[in-house]
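> Please find the sequence and the predicted model below.
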Amino acid sequence: MKKISTALIFTFYISFILVSQSFANGVLRDSMGPVSCGRGGTNIAHIDNGILIHDNPSALTELNGKRVEVDFDFLALSMNYRDPQNDEDGKDILCFMPSLSYAQELAQGRFGVGFGVYNPAGFSTDYNLVHPIYGRQKYASDASLTKILFGFGWKITDGVSLGIAAGPAYSKVELEEPYAFQTGPLAGLPVLIDMEGDAWALAWNIGVQWRISPNTTLGIAYHYQDKFELSGDCDVDVTGLLPVPDPTAHYDKVEFDFTWPQSLGVGMTHRLNDGHRVSADVKWIDWSSAFDEVTFKLSDGDNAVFDATFGTSPQDTLPLDWKDSYAFRLGYEYLLTMADTLRFGYLYNRNPVPDSTLVPVIPGILEHLVSVGYGRNWKSWTLDVAYLYTFGSRQSVSTSKIVGGDYDNSSVDVDAHGFRLGIQYHF
């Protein structure tokens, strides 16, 4: 009966996390859980939380027993978009991004195993903007990434551990806005689109930790790109633009590839005297390969006039041209007592979005993050909380590369507040 109950709880939690992804924000999250968040996202060389199955599974060999962790991450994103027709704030969205993990050591720390459910990426926007042709319209996006990872760690020597984690990943993308075709014979044609797609794929990552001395640890972690062949449906509307009897069409099938980027990170943590600990991570994120362009294809439409005018399988490619990003993370922790830990952090993330393809529906321009956190141990329990504020400079474009002129002379400003709460049980 206990095994059945545990399985039911785990199944419900996974379903809850997948549903919650419709509220995900940001693009690639700088940290998950309050422990890593409180020290500026540094986590590659640490061993003190269940998020490490995702960040660096080699830490599974250093757990000293078993650990269950539940984290509740909240993020409130504020956005503003300006162009000659608009000066509008996006709808404030409170995002809920939970995670769950279980891990334990085996063979007296020679090996370690664990599994976890994580939400490492996503974005969401909701504007009500004036379009030059269609008037006031909704500009909204939702994209999410959820991973269910099973990790294994192996202590090669007393000071070096190797780890790998793999499992199914789920991604969903939704877009609703006025859109101008970018390529082919339809280039420049403005339409109203409402499309969504989802898919499953395999995700994996590997990591190494090297305990250089009793007080210093070095970590390296690599995440393979998460590439999805999304499929779903799409609605297209040209009301008032073309003189056709029925200006709407529903396509039962839309197909497009969507890739979350690969990354490589190096981290180090060092314990000073009197309960002080510092840590630093440097991470490369391959946005130039992942967000180079997005191509989508429509088929199985229900409007014969659209099929005769646009073809039975219209397709288009949206340029993004994002640049690779480098994240620099710094963390500081102070052990106030044997049970209380205070954390501070700072992160700088190079903005990967070029001015020429800046759009309001992908809020990827955040550059700085400051955070503070607190942890309290009580018997077998640990409670951690953290707060973060992330922001960047207002970004502008004069002549947009996006065909149609919708985003010419526009600018976007984004910032966000976050709160993290985590509970660990050690046994």
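It's in.
> outside of stretch 211-222, which residues touch it?
Under the contact criterion CB atoms under 8 Å, 6 or more residues apart in numbering, stretch 211-222 has outside partners 44-47, 55-56, 58-59, 158-160, 205-210, 262-272. The way it works is simple: take the backbone N, C-alpha and C, and place the C-beta from them, glycine included.
> same thing but 7 Å
44-45, 55-56, 159, 205-210, 264-271 (CB atoms under 7 Å, 6 or more residues apart in numbering).
> Among those, the buried ones, what's the ChimeraX command?
Buried residues among the contacts of stretch 211-222 (16 or more other CB atoms under 10 Å), as a ChimeraX selection:
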select :44,45,55,56,205,206,207,208,209,210,265,267,268,269,270,271
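> Which of the contacts of stretch 211-222 fall within helices?
residue 55 (DSSP state H).
> Show me the contacts of stretch 211-222 that map onto strands.
Within those, residues falling in strands by DSSP state E are 205-210, 264-271.
> just those now: which is nearest residue 296?
Using CB to CB, residue 205 comes nearest to residue 296 of these, at 28.1 Å.
> Bridged to the nearest residue to that closest one once chain neighbours are set aside, which residues?
With sequence-adjacent residues excluded and distances taken as CB to CB, 6 or more residues apart in numbering, residue 205 is closest to residue 223, at 4.3 Å. Residue 223 forms beta bridges with residue 205, residue 263, as assigned by DSSP bridges.
> For stretch 279-289, C-alpha coordinates in CSV please.
Written as CSV, here are the backbone C-alpha positions of stretch 279-289 (Å, rounded to 0.1, in the frame of the first residue of the first chain):
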residue,chain,number,x,y,z
SER,A,279,31.6,30.0,-5.2
ALA,A,280,31.8,31.0,-8.8
ASP,A,281,30.4,29.5,-12.1
VAL,A,282,31.1,30.4,-15.7
LYS,A,283,28.7,29.0,-18.3
TRP,A,284,28.6,29.1,-22.1
ILE,A,285,25.1,28.9,-23.7
ASP,A,286,24.9,28.0,-27.4
TRP,A,287,22.0,30.3,-28.5
SER,A,288,23.5,30.9,-31.9
SER,A,289,22.7,27.3,-32.9
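> What residues of it count as buried?
Residues of stretch 279-289 classed as buried: 279-281, 283-287 (neighbour count, 16+ other CB under 10 Å).
> okay, residue 344: pLDDT?
At residue 344, the pLDDT value in this model is 98.
> ok, it touching residue 370?
No - Residue 344 is beyond contact range of residue 370, at 8.2 Å (criterion: CB atoms under 7 Å).
> Quick check: closest non-adjacent residue to the residue nearest the centre of the chain.
Central residue of the chain (CA atoms, centre = their mean): residue 121, 1.1 Å from the mean position. The shortest distance from residue 121 to any non-neighbouring residue, by CB to CB, 6+ apart, is to residue 145 (4.1 Å).
> mind listing what that neighbour touches?
Contacts for residue 145 were tallied using CB under 7 Å, 6+ apart; they are 119-122, 169, 171, 226, 260.
> OK, contacts around residue 284?
Applying CB under 7 Å, 6+ apart, the residues near residue 284 are 263-264, 324, 326.
> Among the residues you listed, which one has the most neighbours?
residue 263 (21 neighbours; other CB atoms under 10 Å).
> thought that one was touching residue 225?
No - Residue 263 is beyond contact range of residue 225, at 8.6 Å (criterion: CB under 7 Å).
> Give the intersection of the neighbour lists for these two.
residue 286.
> Now do the buried residues in stretch 133-140.
So for stretch 133-140, counting by 16+ other CB under 10 Å, buried means 134, 137, 139-140.
> Which elements pack onto the helix or strand encompassing residue 411?
Counting by DSSP states H and E, the element that carries residue 411 is strand 410-426. Secondary-structure packing of strand 410-426 (3 or more CB pairs under 7 Å, 6 or more residues apart in numbering; DSSP states H and E): helix 34-38, strand 66-83, strand 381-391, strand 395-397.
> For that strand, C-alpha coordinates in CSV please.
This file holds the C-alpha atoms of strand 410-426, laid out as CSV (Å, rounded to 0.1, in the frame of the first residue of the first chain):
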residue,chain,number,x,y,z
SER,A,410,10.5,49.8,-31.2
SER,A,411,12.0,49.0,-27.8
VAL,A,412,11.5,46.5,-25.0
ASP,A,413,12.2,46.6,-21.3
VAL,A,414,12.0,43.7,-18.9
ASP,A,415,12.6,43.0,-15.2
ALA,A,416,11.4,40.3,-12.7
HIS,A,417,11.1,39.5,-9.0
GLY,A,418,11.4,35.9,-7.8
PHE,A,419,10.7,34.0,-4.6
ARG,A,420,11.9,30.5,-3.9
LEU,A,421,10.9,28.1,-1.1
GLY,A,422,12.4,24.6,-0.7
ILE,A,423,12.1,21.8,1.8
GLN,A,424,14.6,18.9,2.2
TYR,A,425,14.3,15.7,4.3
HIS,A,426,17.4,13.7,5.0
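> Fine, thanks again, bye for now.
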